[in-house]
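1. sequence and predicted structure below; questions after.
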Amino acid sequence: MKSMKLPLAAAASGVMFYLSQGLADVWALAWVAPVPLLWLAYRDTPRWQLLLASLGAFAAGQIYLVQCYWGRLPFSIIAPMAMGLCAAFAFAVLLSGEAFRRESHWVALVAFPAFWTALEFAIDHLSPHGTYGALGYAEVSFPAGIQIAALFGVHAVSFQLCLAANAVALLLARRWAAAGAGLAVCAATLVFGFLRLAAPAGPRVSVAALSDVDSRRLENHTHTLAAAREAADAYAAYIKRLAGVRVFAIPEGAISTQASDLRGVLTPLASAAKAQHALVLTGTFTPAPVQNRAFAFLADGAVETYAKRHPLLPFETETPGRKPGLLGTGYATQICKDMDFPGTVRGTAAHGVRLMIVPASDFGRDGWIHARMAIMRGVENGFAVLRSAFDGLETISDAQGRVLARAATNRAGVVAVAAAVPLGPGPTLYTRLGDVFPWLCALLSLLLCARMFAGGRAATVARLLPKPPTTDHSPRTGG
C-alpha cells in the first residue's frame, strides 16, 4: 500500500489541476489541488520521487492546452508554456519540502505560496504569452475569491490558493498552529472579497457586443472590397436596431480590406454611431501594410484608432502599437492578447479607465479560458469589460468580475449580448502599486533559499571538521 501512495497522490493532484484550470472550470478544486503533493513533500518521500510525481501531476493538469489548441497552434508554442509551468511547480514543491525539514513549520507555511508566486511571476516576464497559465485565473468564476487582485494583482490570487492548499497539507502533517494561521488568512481574504462585492455600484451604461461569423467567413473566403462593405453594412444595420445602447464592440479583424479602402468601408459604422448617439468600436485588419487596429467612432463624429501592442507571434506580423488606447470619458480599448499583459493594461488604466472595450478573436474551445483573463484585468484595475470575440465568447463583466452577459460566437448569424453594466470606480491600489507583491515573494524566496542552503552547507562543514578534544573535569579517585 505504501508504494501506491505516490502515484495516487500524483493522480489526485493532476485530476484537480485539470478540472480547475481547464475546460471544466471547477474552481473550488484549485484551493486543494496541490495538497496531495505537499503532503508527500512533508513526509519522508525521496526527492527524486517527489520531483517526478510533481512534474507528472502538473503535466496532467495541462492536458487542457492540448484540447484547446491542438491543430490550431503548433506544438512549439504549446510545449514551452506547459513545460515552464510544470518545472516551476515541481521546483516549488521540492523547495517547500526542504523548508519543512530544515526550518520551522511556520517557514514552511509561507514557503510554498512564496516560491510558486515568484516562479509564476518570473515565467510571466519571460513568456511571450504574458500571464497565460497563471493559477489565479482558475478562480474567475468565483468573484469573491479574486477581489484580492484589486490590491496586489492576479499573482496574489495564486498566492492565496497556494496558501490554502499548504495550510491543509500542514493540517494533515499535524502542524496545527501554522495550518490554522494559514486558513485564517485565506478566510480573511474571502471576507474582504464578499465585502467588496457588496459595495455600491457605479452609474450604469448600456453596452452591447456584436459578432457576425457569416460576414467574417465571406471576407476570409473572397478577400474582396464588396465583402468588407457587406460586413460593415450588416453591423451598422444591427446597431440601429438596438435603441438605447451607448457602447458597441465588434470583434478583432471584423472588417478586413486594403488600407486605402478602409475609411470608406467604415462609413456605415460612423453613421450608425451618430444616429444612435453611441460609441461604436470595431476591429480592423489590413494586409498591406499589415495592420491590426481598432477604430472607435464617437457620437460627436470623432474617430480614435488603436494598434494592437502584443501580436500573437509568429502568426501576426504587424508592427506593435505604442499608444494606450484611450477613448475619453473613462473609456479605453485594448485588442485581444493585450489583455494578457497586466503591465500594459495597468499603464492604460492609470488614466482613469472605467470601461474597457476589447475586440478579440479566440480559438474555439479556449473562449472562457481567454475571456477570464480580460475579466481579471478589470478586477485588478477597477474597470468594467465589454469583450467581443470571434470563435469564442462575448462577455460583459463589471469591475468586480461578475459576468452580466455572455454568449458563444461560433454559431451562424449575428450574435449579440447587451447589458446595463456599472462603470468601474477607476484605478485601484494595484493600478498604483503595480507588481510589488510578486516582487516581495521573489525576494522572500531568495532569502529562504539562501538561509536553507547556506545553513545546510555550514552544517555539512561542521560535520567534516575534526572535533576538539574534550576535557574530563570529573574528580579523580586514587588508590
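-> Nice, I can see it. Numbering: from 1, shown residues only.
2. give me phi/psi at S211?
-> The phi/psi pair for S211 (degrees, to the nearest 10) reads phi -150, psi 140.
3. same thing with R43?
-> Backbone torsions of R43, given as degrees, to the nearest 10, read phi -110, psi -160.
4. mind listing what the nearest residue to it once chain neighbours are set aside touches?
-> Once flanking residues are discounted, R43 sits nearest to A173: 7.7 Å by C-beta to C-beta, 6 or more residues apart in numbering. Quick note: C-beta positions are derived from backbone N, CA and C, even for glycine. The contact partners of A173, by C-beta atoms under 8 Å, 6 or more residues apart in numbering, come to W39, Y42, R43, F100, H105.
5. what's the pLDDT at the fourth one?
-> In the predicted model, F100 carries a pLDDT score of 93.
6. so it touches R43, yeah?
-> No. The criterion here is C-beta atoms under 8 Å, and F100 misses it with R43 at 9.4 Å.
7. can you pull out the helices in the stretch 151-300 of the chain?
-> Ranges of helices in the stretch 151-300 of the chain, per DSSP state H, counting those that start in this stretch, are 154-172, 176-197, 213-222, 225-241, 259-265, 267-276.
8. buried residues, the shortest one. List them.
-> Same thing as helix 259-265. By neighbour count, with 16 or more other C-beta atoms under 10 Å as the criterion, the buried positions of helix 259-265 are L262, V265.
9. which strands or helices does that helix pack on?
-> Packing partners of helix 259-265 (3 or more C-beta pairs under 8 Å, 6 or more residues apart in numbering; DSSP states H and E): helix 225-241, strand 279-287.
10. low-scoring stretches of the stretch 101-250 of the chain, by residue?
-> Residues of the stretch 101-250 of the chain meeting the criterion pLDDT under 70: none.
11. out of the helices and strands packed on helix 259-265, deepest packed?
-> strand 279-287 (a mean of 23; mean count of other C-beta atoms under 10 Å).
12. distance from the chain centre to that one, please.
-> Here the centre of strand 279-287 is set off from its chain's centre by 25 Å, with C-alpha atoms, centre = their mean, to the nearest Å.
13. quick one: it to helix 225-241, angle?
-> Relative orientation of strand 279-287 versus helix 225-241 (axes from the mean of the first three to the mean of the last three C-alpha atoms, to 10 degrees): 170 degrees.
14. and F390, what is it in contact with?
-> Applying C-beta under 8 Å, 6+ apart, one finds that F390 lies in contact with S211, V213, R216, P251, E252, G253, A254, A360, S361, D362, T409.
15. and which of the residues you listed is nearest R72?
-> Proximity of those to R72 (C-beta to C-beta) peaks at D362, which lies at 9.8 Å.
16. tally of neighbours for that closest one?
-> 24 (other C-beta atoms under 10 Å).
17. doesn't S13 make contact with A33?
-> Yes. If you go by C-beta under 8 Å, A33 and S13 touch, sitting 5.6 Å apart.
18. compare these two (neighbour count), which wins?
-> Using other C-beta under 10 Å, the more surrounded residue of A33 and S13 is S13, with 30 against 27.
19. without its sequence neighbours, what residue ends up closest to the more buried one?
-> Of all residues not flanking S13 in the chain, A57 sits nearest, at 3.9 Å (C-beta to C-beta, 6+ apart).
20. what sits against that neighbour?
-> A57 sits in contact with A9, A10, A11, S13, G14, F17, P36, L37, F89, where contact means C-beta under 8 Å, 6+ apart.
21. cool, A59 as well?
-> A59 touches G14, A82, C86, counting by C-beta under 8 Å, 6+ apart.
22. so which of those is the closest to A332?
-> Nearest to A332 among those is A82, at 32.5 Å by C-beta to C-beta.
23. next, the contact list for that closest one, please.
-> A82 touches A59, Q62, L65, counting by C-beta under 8 Å, 6+ apart.
24. if we use 10 Å, what do you get?
-> Counting by C-beta atoms under 10 Å, 6 or more residues apart in numbering, A82 touches F58, A59, G61, Q62, I63, Y64, L65, V66, G133.
25. same check on F341?
-> F341 makes contact with D124, H129, G130, T131, Y132, R309, H310, Q334, G347, M373, R377, according to C-beta under 10 Å, 6+ apart.
26. can you add distance to L197 and give the residues you listed back as JSON lines?
-> Converted to JSON lines, the contacts of F341 look like this (distance: C-beta to C-beta, whole Å):
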{"residue": "D124", "distance to L197": "27"}
{"residue": "H129", "distance to L197": "30"}
{"residue": "G130", "distance to L197": "26"}
{"residue": "T131", "distance to L197": "23"}
{"residue": "Y132", "distance to L197": "26"}
{"residue": "R309", "distance to L197": "31"}
{"residue": "H310", "distance to L197": "30"}
{"residue": "Q334", "distance to L197": "25"}
{"residue": "G347", "distance to L197": "27"}
{"residue": "M373", "distance to L197": "20"}
{"residue": "R377", "distance to L197": "18"}
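27. quick one: which of those is most hemmed in?
-> Q334 leads these on contacts (other C-beta under 10 Å) with 30 neighbours.
28. got phi/psi on that one?
-> Backbone torsions for Q334, taken as degrees, to the nearest 10, come to phi -140, psi 160.
29. hmm, L355 and it touching each other?
-> No. Between Q334 and L355 there is no contact under C-beta atoms under 10 Å: 11.9 Å.
30. intersection of neighbour lists for these two?
-> Common neighbours of Q334 and L355, counting by C-beta under 10 Å, 6+ apart, are V385.
31. so F315 sits in a helix?
-> No. Assigned with DSSP: H, G, I helix; E, B strand; the rest coil, F315 falls outside any helix and is coil.
32. tell me where the chain has strands.
-> Listed in chain order, the strands found in the chain under DSSP state E are 204-212, 247-256, 279-287, 290-297, 303-307, 326-328, 331-333, 355-361, 384-390, 393-397, 403-408, 414-422.
33. now those in TSV, with distance to A442?
-> Putting the strands of the chain into TSV (distance: least, C-beta to C-beta, whole Å) gives the following:
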stretch	distance to A442
strand 204-212	38
strand 247-256	34
strand 279-287	36
strand 290-297	34
strand 303-307	32
strand 326-328	32
strand 331-333	30
strand 355-361	28
strand 384-390	29
strand 393-397	30
strand 403-408	32
strand 414-422	35
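34. so what's the residue count around V26?
-> Count around V26 with other C-beta under 10 Å applied: 16.
35. what's near enough to touch it?
-> Neighbours of V26 in contact, by C-beta under 10 Å, 6+ apart: V15, M16, Y18, L19, S20, A33, A138, S141.
36. are any of the residues you listed buried, and which?
-> Among the contacts of V26, those classed as buried by 16+ other C-beta under 10 Å are V15, M16, Y18, L19, S20, A33, A138, S141.
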